[in-house]
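Q: The sequence and its predicted three-dimensional model are supplied below.
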Amino acid sequence: MAPRPPRDSELEAILEKVRQSRSFDFRNYKRATLQRRIERRMQATRCRTRTAYLALLERDPGEVNTLVSSMLIKLTTFFRDREVWQALEESLAELVRQRPDKELRIWSAGCATGEEAYSLAIAAAEALGPGYPGPELKVFGTDVDEGAIAAARRGVYAPEQLENVSKERLARWFVRTGNTFTVRKEIRRAVVFGVNNLVSDAPVSRIDIILCRNVFIYLDSDLQKRVLARFQFALRRNGLLMLGRSELIPFAARLFRPVDLARRIYRKDVHVGLATTTQDRLIPERTPAPHLIATAVETEHPFLRDMLDSQPCPIIATDNDDTVTFWSRAAARLWNRDEGDVLGKKLSALELGGFVGDLLIEQTGRVRNGRTEREFSLGVLEIPGGGSVTLRTQVVPLRERAGARRGLLYITHDVTQVRELEQALRRAQEELQAINLRMQSSNEELRASNEELETTNEELQSTNEELETTNEELQSTNEELETTNEELQSTNAELDTTNRELAHRTLEMDSLTFTQRTIIRSLSAAVLVLEGDGRITTWNLAAERLLGLTEREAVGQKLWSLHVPALKRPLLQKLRRHLMENRALRMEGVPYQLPHGGTGSATLVATPLVNEANTLGSIVLFEDTTRATALLEENRLLKTKRKS
C-alpha cells in the first residue's frame with residue numbers, strides 16, 4: 001500500500017481553526033471534498049489565497065459558521081428515492097409482523113432538517129396500522145448541525161420539499177398553513193431530534209433500523225470503518241442498515257450481511273469472525289526463508305525464553321512473510337494449541353479466536369509497511385462450554401539490534417473486565433443521552449403547549465365578549481319574536497278560514513271529478529287520456545269493449561308499448577308522430593278487429609292538450625262506425641237499384 005501524500009499545511013490550519021471554533025473535526029474527511037468547499041467560500045469572499053481566507057476566519061467568527069454549513073450539505077426531501085422507500089416499507093411491515101408487541105426504534109443518522117426522520121415515522125406508523133403512532137414507536141433524528149436540528153424540530157416545510165408525498169399522506173399527516181405544511185403532532189411526538197456526531201459521540205442503542213444516506217461519501221476509509229462499527233453496536237440482533245445508493249463500502253460486508261446490495265441494504269451479522277479473511281487477500285513481502293525465533297532463543301538464550309514464557313499475556317512472533325516463529329506458553333494455554341502445531345505456519349491460516357480480519361490484514365499491513373509503529377485491535381474469543389473473553393492485541397515491529405525489521409510481534413491482553421466496564425459506561429452514557437433527547441423533546445412540547453394555552457385563553461376572552469354581544473342580540477330577537485308570534489296568531493286565524501274554504505272547494509272538485517269520470521265512462525266512444533310521454537291515465541268502459549284491454553291492464557302503461565288488437569302498429573306510429581309534434585289527427589273508416597270476431601270500422605280522433613306553451617298530454621277518441629257504415633252501404637245499394 002502506497003504511503004499517503006503529505007497534507008497541505010494551509011488546509012490543515014483551516015481545519016484546525018474550525019475544530020477550535022466550532023468543535024467540528026474535519027481532519028479525517030475526504031480532502032478533495034473539503035478543498036472544493038473551501039475554494040467555493042474563497043471565491044464567495046474574494047480571498048485569493050488560503051492564507052488570506054485563514055486570516056478572514058480569524059477575524060470573522062460568522063464566516064466559520066458559514067464554512068461549516070457549506071461543508072455539511074443538507075440535500076434531502078421527503079421519501080427521496082422511491083425504490084429505496086418501497087424496500088424500506090416492506091422491511092418495516094415484515095418487522096412489525098415478526099414482533100407486533102415490541103417497541104420499534106429507528107435511527108435517521110445525518111437527518112439534516114428532518115425530512116428523512118419524519119418520512120421514517122410516517123412509514124412506520126402506516127406499517128403499525130390504524131391508531132398509531134404511539135409510545136411504542138421512537139424515531140431518532142440526529143445531525144451535527146444545531147441549526148438543522150432546530151429546523152427539524154419545528155417541522156414546517158415548503159411545497160417543493162413535499163413533491164414525493166402522495167395526496168393521501170399529505171392530507172393525513174400534514175396541516176397546511178398558508179404556503180407551508182406542518183407535520184402533525186402525533187408524528188412529531190414520535191420523533192426525537194438531537195445533535196450527534198457519528199464519529200465522536202456515542203451512538204443511539206437498541207435500534208431496529210438505521211438509515212444513513214449520503215454521509216459516508218464525505219468520510220475517508222478510517223472514519224467509515226469507525227462509524228460502521230458504531231452502527232453495528234447500535235443495532236439489535238438482525239437489525240437493518242440502509243446506506244445511500246452512491247455509497248458502496250467493501251468493508252461493510254465484514255460487519256453486515258448484504259440483503260439488497262443494489263439499494264445498499266444490510267443486515268447485522270452476529271457471527272462476524274475470520275471466515276471471510278483468507279490468505280490470498282494478504283500481500284506478502286519478499287523476505288528470506290523463515291527463521292524460527294523460538295529455536296534461536298532456546299539454543300542461545302534460555303533465560304530469555306524462560307522470561308518470555310513467564311509473561312502472563314500471550315506473545316506471538318512472525319517473520320515478514322506472516323510465518324509464526326515464536327509461540328509463548330501463555331499463547332498455548334489460551335488457544336489450546338502446542339508450539340509444534342503452529343511454528344512454521346501462516347498466522348492468518350491458524351484462525352485464532354479473537355484475531356479479527358482487520359487486524360491480520362489492514363493493521364498488520366500498516367505496521368509491516370512502516371506506516372505506523374504499533375496497532376491495536378479488539379476481538380472476542382469464544383470459550384468452549386459457554387462464555388467469551390475480550391482480547392486486546394498489540395502489533396509492533398520485531399527489529400534486530402541494527403534496527404532492521406525482522407518480523408512482527410503480537411502481544412495479547414485479556415481486557416474482558418475493562419470492556420465490560422466500558423460497555424456499562426457506554427450504556428449509561430447512551431441512556432443519559434436518550435434521556436436528554438427526551439427531555440429536549442418534552443421541553444419543546446411543553447413550550448408549544450404553553451403557547452397553545454395562551455392562544456386558547458385569548459380566544460376564550462374573545463369568545464366571552466362575543467357571547468355578551470350575542471346575549472344582547474338574543475334579547476332584542478326575543479322581543480321581535482313576541483311581535484312575530486302575535487302576527488302569526490292573526491295569520492293562523494286567517495289560515496283557518498282559508499282551510500275551510502279550501503275544504504269546501506275540494507268537495508266541489510271531488511263532485512265534479514266524479515261527474516266527469518262518470519260521463520267519460522258512460523260514453524259510447526272509447527276515450528284515452530295520455531300524458532306527454534304517452535302514458536295512459538284514463539281508459540273508459542267503451543275502450544275496454546272496443547280495444548280489448550281492461551282499465552287495470554292499460555292505465556299506467558305507455559300506449560306505444562301496449563299490444564292493442566284494434567290498433568295496428570303503423571297506426572300507433574302515425575298517432576305518436578302527430579302527438580309528439582302537437583298536431584291533431586282525424587281518421588275515418590279505420591278498419592279494426594271486433595272483440596267478438598269479425599272486422600269493423602271506426603273513427604279515430606286525437607287532439608293534443610296544450611296550455612299556452614306547455615303540452616299537458618293528449619286525448620284520443622275511438623268510435624265504432626261499423627253499423628253506420630253498413631247502413632250507408634245499404635242505402636247506396638238501394639239507390640243503385642232504383643236507378644237501374
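A: Received the coordinates, thanks. Numbers count the residues shown, from 1 in each chain.

Q: can we go C-alpha only for contacts and neighbour counts from here?
A: OK.

Q: what's the single longest helix in the chain?
A: Counting residues, the longest helix found in the chain (DSSP state H) is helix 416-522.

Q: where does the stretch 451-600 of the chain dip in pLDDT?
A: 595 (pLDDT under 70).

Q: On the C-terminal side of the lowest-mean-pLDDT helix or strand in the chain, identify the next helix or strand.
A: Each helix and strand of the chain was given a mean pLDDT (mean pLDDT, DSSP states H and E); the minimum falls on helix 293-300 at a mean of 49. The helix or strand immediately downstream of helix 293-300 is helix 302-309, counting by DSSP states H and E.

Q: What's the end-to-end length of stretch 172-182?
A: One end of stretch 172-182 to the other measures 11 Å (Cα to Cα, to the nearest Å).

Q: and if you look at stretch 410-418?
A: 20 Å.

Q: Now do that stretch: everything it contacts.
A: Outside stretch 410-418, the residues that touch it by Cα atoms under 8 Å, 6 or more residues apart in numbering are 313-317, 389-396.

Q: Over to stretch 504-520?
A: 527, 540.

Q: Pull out the buried residues from that stretch.
A: Buried residues in stretch 504-520, counting neighbours by 16 or more other Cα atoms under 10 Å, are found at residue 520.

Q: got the CA positions of it in PDB?
A: What follows is stretch 504-520 as a C-alpha-only set of coordinates in PDB (Å, rounded to 0.1, in the frame of the first residue of the first chain):
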ATOM      1  CA  HIS A 504    -115.500  23.300   0.600                       C
ATOM      2  CA  ARG A 505    -113.900  23.700  -2.800                       C
ATOM      3  CA  THR A 506    -112.200  20.300  -2.500                       C
ATOM      4  CA  LEU A 507    -115.600  18.700  -2.000                       C
ATOM      5  CA  GLU A 508    -116.900  20.600  -5.100                       C
ATOM      6  CA  MET A 509    -113.900  19.400  -7.100                       C
ATOM      7  CA  ASP A 510    -114.400  15.800  -5.900                       C
ATOM      8  CA  SER A 511    -118.000  16.000  -7.000                       C
ATOM      9  CA  LEU A 512    -117.000  17.500 -10.400                       C
ATOM     10  CA  THR A 513    -114.400  14.900 -10.900                       C
ATOM     11  CA  PHE A 514    -116.800  12.100 -10.100                       C
ATOM     12  CA  THR A 515    -119.300  13.500 -12.500                       C
ATOM     13  CA  GLN A 516    -116.600  13.900 -15.200                       C
ATOM     14  CA  ARG A 517    -115.400  10.300 -14.700                       C
ATOM     15  CA  THR A 518    -119.000   9.000 -14.800                       C
ATOM     16  CA  ILE A 519    -119.700  10.900 -18.100                       C
ATOM     17  CA  ILE A 520    -116.400   9.600 -19.700                       C
END
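
Q: Please report how far residue 315 lies from residue 395.
A: From residue 315 to residue 395 the distance is 10 Å (Cα to Cα).

Q: now swap in residue 561 and tell me
A: In terms of Cα to Cα, residue 561 sits 106 Å off from residue 395.

Q: about what we covered before: which of the contacts of stretch 410-418 has the largest number of neighbours?
A: residue 317 (27 neighbours; other Cα atoms under 10 Å).

Q: Specify the local secondary structure of that residue.
A: strand (DSSP: H, G, I helix; E, B strand; the rest coil).

Q: Name whatever forms a beta bridge with it.
A: Here residue 317 sits in beta bridges with residue 326, residue 409, going by DSSP bridges.

Q: Low-confidence bits of the stretch 201-350 of the chain, can you list those?
A: Using pLDDT under 70, the stretch 201-350 of the chain drops low at 270-303.

Q: any chance you could map the helices in it?
A: 221-234, 252-255, 293-300, 302-309, 329-335, 339-342 (DSSP state H, counting those that start in this stretch).

Q: Now do the shared contacts for residue 315 and residue 395.
A: Common neighbours of residue 315 and residue 395 (Cα under 8 Å, 6+ apart) are 409, 410, 411.

Q: and the first one, how far is that from residue 373?
A: Think residue 409. 11 Å.

Q: Those two: which has the busier surroundings?
A: Neighbour count, other Cα under 10 Å: between residue 409 and residue 373, residue 409 has more, with 22 against 12.
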